[in-house]
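**Student:** How does the following fold in three dimensions:
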Amino acid sequence: MEKEFLTLIQKEFPVTKRPFAALAKTLGSSEEEVLDLYARLKEEKIIRQTSAIFDTKSLGYRSSLVAFKTDDIEQAAQIINRHPGVSHNYERDNPYNLWFTIAVAPDSKLGLEKTVALLAEETGAEEYIILPTKKMFKISVQLDLKGDRAKKEKRKKMAKEPMTLEPIHYEMIKGLQKDIPAVKEPFAPIVDTLAIDYETLAFEVERMKKAGLMRRFASILYHRKAGFTANAMVVWKVPEARAEEIGETVAAYSAVSHCYLRPVYPNWPYPLFSMVHGKSKEEVEKIVSEMAEEIGVSDYSYLYSTREFKKVRINYFSDEFSKWEKCYN
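**Tutor:** I've put the predicted structure just below:
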């Protein structure tokens, strides 16, 4: 049941009054048993967090992947991690050795490029490249615990339904981005604070999904504790004319959680980025070899993560962003 439970909550955690009872019904179990299982998997650090996964760009934030070349990586990581918009920060085995994602708020006075320049100056980075998303083919961190990681997935493209955020939605976002505790009614603080019922909460969550503001409400796992001890950022040198076709093909693999098209530079010729997960380094490289053969690309590189300095969800619409910028004014 554990694998089935983890597969379920990675896809969608129910936003309802008694979500663990709803999950128990699907699993043919009891609410108490599922609650105990969830609590244990949290304690064992297999489940990292259960909360809303929002689309940074759709909420008005500007974001990018950034790579620094630095000598003092520990100090640089500490400085970078202080920025509230840094959600991921890893050491990778490449001359550009520090890779992080950063977002700046819609009302940022500094903007993305100036923020990165300030971080580069403070960390003493020798060089850096800013790699914003030009096209996203896939973002779905759902580890396949039971299946063949080389299998292909059918992916649906849904038309977005426009939505205007009202003050109550901003408060809802602040509540939904918090981690879910192992209690029978984990959404009670949100409905009580906003003086709404559970039907209204579920309805507005669905509206945010259809508008593209929220990707899903789900659990994220600790990859290594879940058995996925190897993951590589694989970058591909692909011809511009075939970039989108190749991106769609790579994104269809279930072992791929992220796939993006990014800009190239004279010192960085790889426009296609894919994150590939496996139970071992050998499995990752076998899958990548199959991809390379299918797409007909031989020029690619592995960027294995050797240390994780930060991995968190961004706390949207908090005052942490303006506080950080005030330190640089």
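**Student:** Could you pull out the helices in this protein for me?
**Tutor:** Ranges of helices in the chain, per DSSP state H, are 2-11, 19-27, 31-43, 73-81, 111-123, 167-176, 188-194, 198-210, 243-251, 281-295, 320-326.
**Student:** Out of those helices, the one nearest Tyr96 is which?
**Tutor:** helix 73-81 (11.2 Å; C-beta to C-beta). All C-beta atoms are positioned from the backbone trio N, CA, C, and that covers glycine.
**Student:** Check which helices and strands that closest one is in contact with.
**Tutor:** strand 86-92, strand 98-104, helix 111-123, strand 300-311 (3 or more C-beta pairs under 8 Å, 6 or more residues apart in numbering; DSSP states H and E).
**Student:** Report all helices and strands that the longest one contacts.
**Tutor:** What it means is helix 111-123. Helices and strands touching helix 111-123, by 3+ C-beta pairs under 8 Å, 6+ apart, are strand 62-69, helix 73-81, strand 98-104, strand 127-131.
**Student:** which of those is buried the deepest?
**Tutor:** strand 98-104 (a mean of 23; mean count of other C-beta atoms under 10 Å).
**Student:** Strand partners (parallel or antiparallel) of that strand?
**Tutor:** Paired with strand 98-104 in the same sheet, following DSSP bridges, are strand 62-69 (antiparallel), strand 86-92 (antiparallel).
**Student:** got a list of contacts for the longest one?
**Tutor:** What that stands for is strand 62-69. Strand 62-69 has contacts (C-beta atoms under 8 Å, 6 or more residues apart in numbering) with 56-57, 76, 80, 85, 94-104, 108, 111-112, 116, 120, 123, 125-133, 260, 262, 268, 273.
**Student:** on that earlier part again, the helices of the chain: which one's closest to Lys311?
**Tutor:** So among these, helix 73-81 is nearest, using C-beta to C-beta, at 10.4 Å.
**Student:** which residues are in contact with that closest one?
**Tutor:** With contacts defined as C-beta under 8 Å, 6+ apart, helix 73-81 is touched by 68, 70, 86, 89, 91, 97-98, 100, 102, 119, 122-125, 309-310.
**Student:** and what of stretch 21-32?
**Tutor:** 1, 4-5, 8-9, 13-14, 16, 18, 20, 33-34, 184.
**Student:** Mind doing that once more with 7 Å?
**Tutor:** 1, 4-5, 8, 14, 16, 18, 20, 33-34, 184 (C-beta atoms under 7 Å, 6 or more residues apart in numbering).
**Student:** Count the neighbours of Pro239 for me.
**Tutor:** Pro239 sits with 11 neighbouring residues when counted by other C-beta atoms under 10 Å.
**Student:** typed the wrong thing, it's Ser219
**Tutor:** The tally of other residues near Ser219 (other C-beta under 10 Å) stands at 26.
**Student:** Pull up the gap between it and Tyr38, please.
**Tutor:** According to C-beta to C-beta, to the nearest Å, Ser219 and Tyr38 sit 9 Å apart.
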